[in-house]
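Chemist: From the sequence below, what's the structure:
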Amino acid sequence: VDEISESTEDALCIKLSQDRRWLAVGYADGIIQLFDRKSDESNSVTFSGHKKGVNSLEFSDDGLLLASGGKDCAVILWDVVSESGLFRLNGHKAPVTHLTFVQNGQFLITSSKDCFVKFWSLKSQSCFYTLFENRTEVYSFSIFNNETLMAVASAEAELVVYGLTWLSEGSVPSTSQDKEPEKKKALSQLHLDGNVTEDMANRYVRVNLRGRLLRQCKGRALQLALSPDERFLLCLGADKVVDVYRIFTEAESSKRVAKKLKSAKRKAASDDTSATVTEEDVKKDVTTIISSVGEYRTHAKTKRVDFTTKCRMDQSCTANYSLIIWNAHSLRPVACLHTEEMSDVTAALFATGGGHVIAGTK
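Modeler: Residues are numbered from 1 along each chain as shown. Coordinates of the predicted model:
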């Protein structure tokens, strides 16, 4: 067991870069410590920019950028190589809860307790789209299926799934002659279909509501964890339940659509109704692409969940100072890790192919 004690403050979040070289730790006082795991030196880099605790950290795919979201409502971009801050993104009115890079690092998506999910352009350093359909505090979200689907976790009893359509810049006509007709068309579409979200100032993405998934957990949803192969999605709740969802491949989804279509036609025939069910109607059902397959039930409140890189097991850290390793397929615990040095665990993740676990504590 190795221990890093660079701060006396609580470690609120930890994050590894994709190449597993950089380890970032966010503390309750707003300080971020960056460790180079491939360096023989034990010195760390300190980033100081948040006025309050750091809630979320995310590396870009190449590991050159680090984004942080804090309780001070701010999002800050850091340059890992030059060890300096780049710029600050202001717009959220409540603590930032989660963030992630998309579209090869061009954009950043953030969520907050102000109920909003914001889309930022790093080139212009501005927010180009705000998803405001959520009615309660947003705690986490997950992007999957080649960045075309987004699941949002909030204080509601359901996960909300949105479809994302990414556009090339300039796809929306900007001439004064075409602007009004396009705006009227968007407003008309909104009037006819409440699921469609349009913003004519947004040239990068279109968002539409795909559906809602009921959670077994009765409390708020605190975290979403996506398996590396994007086959499973975990939803950590505020109680002792972790919901497990299966994300279907395109082939599996097609089979589910065909099966549901056949069942719907059989039911319509038995009910002797004139209504016709089409394949497009069935495809609107969100359970054709993602569906609940079970849940983990722990004996204590769970703080954090994560998958191994090989997606064979996942872990959870509980409030009784231990880490539990679960088998992702059988939904059964296989090991429990505990040491005397381990105080109240606040964050945890797998490292180095799943052979090691990194835990943040109070």
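Chemist: May I have the secondary structure class of residue 20?
Modeler: Look at residue 20: counting by DSSP: H, G, I helix; E, B strand; the rest coil, its state is coil.
Chemist: Would you agree it is in contact with residue 37?
Modeler: Yes - taking contacts as Cβ atoms under 8 Å, residue 20 lies within contact range of residue 37: 6.7 Å. No exception for glycine: its C-beta is placed from N, CA and C like everyone else's.
Chemist: quick one, helices of this structure?
Modeler: Per DSSP state H, the chain carries helices over the ranges 176-192, 250-270, 279-283.
Chemist: Any idea which of those helices has the lowest pLDDT on average?
Modeler: In terms of average pLDDT, helix 176-192 trails the rest of the helices of the chain, at a mean of 41.
Chemist: Can you give me the end-to-end span of stretch 84-102?
Modeler: Stretch 84-102 has its terminal residues 22 Å apart, counting by Cα to Cα, to the nearest Å.
Chemist: Name the residues of it that are buried.
Modeler: Using 16 or more other Cβ atoms under 10 Å as the test for burial, stretch 84-102 gives 85, 89, 91-92, 95-102.
Chemist: Out of those residues, the closest to residue 283 would be?
Modeler: Of all the buried residues of stretch 84-102, the one sitting nearest residue 283 is residue 102; the distance, using Cβ to Cβ, is 24.0 Å.
Chemist: Mind listing the residues bridging to that closest one?
Modeler: Beta-bridge partners recorded for residue 102 (DSSP bridges): residue 107.
Chemist: do you know how far it is from residue 305?
Modeler: 22 Å (Cβ to Cβ, to the nearest Å).
Chemist: Over to residue 217?
Modeler: Separation of residue 217 from residue 305 (Cβ to Cβ) stands at 12 Å.
Chemist: any shared contact partners between these two?
Modeler: Counting by Cβ atoms under 8 Å, 6 or more residues apart in numbering, the residues touching both residue 217 and residue 305 are residue 242.
Chemist: which regions of the stretch 151-300 of the chain sit below the pLDDT cut-off?
Modeler: Applying pLDDT under 70 to the stretch 151-300 of the chain flags residues 169-201, 272-275.
Chemist: Apologies, that question was intended for the stretch 1-150 of the chain.
Modeler: By pLDDT under 70, the low-scoring segments of the stretch 1-150 of the chain are 1-7, 40-42.
Chemist: Spatially nearest residue to residue 256, not counting backbone neighbours?
Modeler: Ranked by Cβ to Cβ, 6 or more residues apart in numbering and with sequence neighbours excluded, the top spatial neighbour of residue 256 is residue 288, at 4.7 Å.
Chemist: What is the burial count for that neighbour?
Modeler: 22 (other Cβ atoms under 10 Å).
Chemist: for residue 8, same thing?
Modeler: The number of residues packed near residue 8 is 8, by other Cβ under 10 Å.
Chemist: Residue 81 now?
Modeler: 8.
Chemist: distance of it from residue 45?
Modeler: 11 Å.
Chemist: so how far is the first residue of stretch 126-140 from its last?
Modeler: Stretch 126-140 end-to-end distance (Cα to Cα) = 21 Å.
Chemist: now it: how far from the chain's centre is it?
Modeler: Mean-position distance between stretch 126-140 and its chain equals 13 Å (Cα atoms, centre = their mean, to the nearest Å).
Chemist: quick one: contacts for the residue nearest to residue 256?
Modeler: 248, 253, 256-257, 260, 282.
Chemist: Relative to residue 138, how far out is the closest residue to residue 73 other than its chain neighbours?
Modeler: Nearest non-adjacent residue to residue 73, counting by Cβ to Cβ, 6+ apart: residue 92, 4.7 Å away. Here the distance between residue 92 and residue 138 works out to 10 Å (Cβ to Cβ).
Chemist: tell me, what's touching those two both at once?
Modeler: Residues within reach of residue 92 and of residue 138 at once, by Cβ under 8 Å, 6+ apart, are 112, 116.
Chemist: What is the burial count for residue 295?
Modeler: 18.
Chemist: what sits against it?
Modeler: 216-217, 241-244, 331.
Chemist: ok, of the residues you listed, which one's closest to residue 228?
Modeler: residue 244 (15.5 Å).
Chemist: From residue 288, how far off is the closest residue in space to that closest one that isn't next to it in sequence?
Modeler: Spatial nearest neighbour of residue 244, chain neighbours left out: residue 294 (4.9 Å); criterion: Cβ to Cβ, 6+ apart. Between residue 294 and residue 288 the computed distance is 19 Å (Cβ to Cβ).
Chemist: count of residues packed around the residue lying closest to residue 261 once chain neighbours are set aside?
Modeler: In this structure, residue 261 finds its nearest non-sequential neighbour in residue 282, 4.7 Å apart by Cβ to Cβ, 6+ apart. For residue 282, the count of nearby residues is 19 (other Cβ under 10 Å).
Chemist: Who are the contact partners of the nearest residue to residue 30 once chain neighbours are set aside?
Modeler: Leaving aside its chain neighbours, residue 30 sits nearest to residue 50 (3.5 Å; criterion: Cβ to Cβ, 6+ apart). Neighbouring residues of residue 50 by Cβ under 8 Å, 6+ apart: 30-32, 68, 70-72, 74, 76.
Chemist: Noted, bye for now.
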